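Peer 1: Got a sequence here, can you build the structure:
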Amino acid sequence: MTTKRRVLVVDDESAITQMVSMILETRGYEVNVASTGEEAIAKAITRPDLILLDLVLPDIEGLEVCRRLKEQESTQGIPIIMVSGQPMFEEKIEGLYLGADDYLAKPFDFEELFARMDTILRRSVLYDDRLNDNRSKIILELRKIIKEELVRPVYQPIFYLKPFKFLGFEALVRPFGGTLLANPEKLFKAALTYGLYCDLESLSWAKALEKRPPYLSQGKLFLNSSPYFVESSIFYKVKSLFEEYNVNPKDVVLEITERSAITDFNGFYERLRTYREYGFQLAVDDVGGGYASLESIVQVKPAIVKIDNHLVLDVHKDAIKRSIIKFLVIFCKENKILSIAEGIETKEDLEVLINLGVDAGQGYLLCRPQEKIDLSDIYKDLHARLNVNVPVAVPSR
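Peer 2: Below is the predicted model:
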């Protein structure tokens, strides 16, 4: 039996909530309704799969509701689509920075609504409830994966865009197939749920360093680092990995992800200062996405900002996205921060990003994540497909 997706519709116009509810229910969604901001916050505790949030409410503004939901640990992971009858440019930008995942203007086409909802729900990292029925099996499998090191690193090249040249690699981890946790998002979510996150992350780092491509001296190695890992004592132990694999921390960039998980901001930022002193460069990941904010950039003081792939996708078609990215690029240049666009998938988007002044980029258009990297082959492919002038790759350790 398939569990219905639950949607909370927040709007004070009963005619609208009735119509939206009816149409959503015909598509198989379970719908709950709130007519005020306070009611929406109270009902969000039940953790619906998605919230449709009107910006104009009788008690508090929709933007304030969004802010409060994203600040509460129990509700901050719920995707939000903002809806407005008279959308203002400033409201859209503020809503995205507060953590909203998308926006729609009234009146909207329901097919577009369903497409946006489906996209957001597919990329949601909320834990699959079906895994909870196999708790013991999952824990045993997690321990086996960590003990037997059943993960493999893959690397995605990152390139400066103008002039085009190699910048570095982002290291990602993939579990071996054929298991309940073959999906990397589910793997890490399960590890976090059952107290094995830091063990899994340190294993991922070790594999990334061990199997690193032979071009590291020409660029940087980007490693993902969540607050759970940064705040743990295990981080101090894994510093020995860099000595073991003869990797200079100055060649490593820590991408700070999932900032929504930070519980002690002062302590977290103080710990980051220690890591910077050790030699690591810091990057703020997913800027412009659900939890990224200018405040986190101010506090982290990163050398690099990575622009969220959902802002990058179809940027050539969306003036709002272009405006946000343009603002981020200006902000980065004024503060001597390198900007990297993630998730570049089309030549049209690449051209827009270059024109907007984004410093660097990565994505399937340029190169998919690979276990074994040969920059010479990648450059030849890029030259053939995109007609970019590329330098000569010289592998070295």
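
Peer 1: Going by C-alpha atoms from here, please, whenever you check contacts or count neighbours.
Peer 2: Will do.

Peer 1: So what's the residue count around residue 307?
Peer 2: Residue 307 has 26 neighbouring residues, counting by other C-alpha atoms under 10 Å.

Peer 1: Quick check: pLDDT value at it.
Peer 2: The score at residue 307 is 93. That number is its pLDDT.

Peer 1: wait, doesn't it sit right on residue 338?
Peer 2: No. Applying C-alpha atoms under 8 Å, one finds residue 307 not in contact with residue 338, separated by 10.6 Å.

Peer 1: quick one: the strands in this structure?
Peer 2: In the chain, the strands defined using DSSP state E lie at 6-10, 30-34, 50-54, 80-84, 102-105, 151-161, 164-175, 220-225, 252-256, 281-287, 304-307, 338-341, 360-361.

Peer 1: Partner strands of the last one and their direction?
Peer 2: Spelled out, that is strand 360-361. Pairing partners of strand 360-361, with direction, according to DSSP bridges: strand 151-161 (antiparallel), strand 338-341 (parallel).

Peer 1: My guess is residue 365 contacts residue 345. True?
Peer 2: Yes. Applying C-alpha under 8 Å as the test, residue 365 and residue 345 come out as touching, 4.6 Å apart.

Peer 1: quick one: residue 98 and residue 257, what's the gap?
Peer 2: Separation of residue 98 from residue 257 (C-alpha to C-alpha, to the nearest Å): 16 Å.

Peer 1: Nearest to residue 351, out of the strands paired with strand 360-361?
Peer 2: strand 151-161 (9.6 Å; C-alpha to C-alpha).

Peer 1: what is the orientation angle of the closest one with strand 220-225?
Peer 2: For strand 151-161 against strand 220-225, the angle by axes from the mean of the first three to the mean of the last three C-alpha atoms, to 10 degrees is 130 degrees.

Peer 1: tell me the mean pLDDT for strand 151-161?
Peer 2: The model assigns strand 151-161 a mean pLDDT of 95.

Peer 1: gap between that strand and the chain center?
Peer 2: Taking the mean of its C-alpha atoms, strand 151-161 sits 16 Å from the chain's own mean (C-alpha atoms, centre = their mean, to the nearest Å).

Peer 1: cool, and stretch 241-255?
Peer 2: Worked out by C-alpha atoms, centre = their mean, stretch 241-255 lies 23 Å from the chain centre.

Peer 1: Grab the CA positions of it and hand them over as CSV.
Peer 2: Provided in CSV are the C-alpha atoms of stretch 241-255 (Å, rounded to 0.1, in the frame of the first residue of the first chain):
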residue,chain,number,x,y,z
LEU,A,241,44.4,11.1,7.5
PHE,A,242,46.0,14.0,5.7
GLU,A,243,49.4,13.0,7.1
GLU,A,244,48.8,9.4,6.2
TYR,A,245,48.0,10.2,2.6
ASN,A,246,50.4,13.0,2.3
VAL,A,247,47.8,15.6,1.5
ASN,A,248,48.4,19.2,2.6
PRO,A,249,45.3,20.7,4.3
LYS,A,250,45.9,23.9,2.3
ASP,A,251,44.9,21.9,-0.8
VAL,A,252,41.6,21.0,0.8
VAL,A,253,38.3,22.9,0.8
LEU,A,254,35.7,22.0,3.4
GLU,A,255,32.2,22.5,2.0
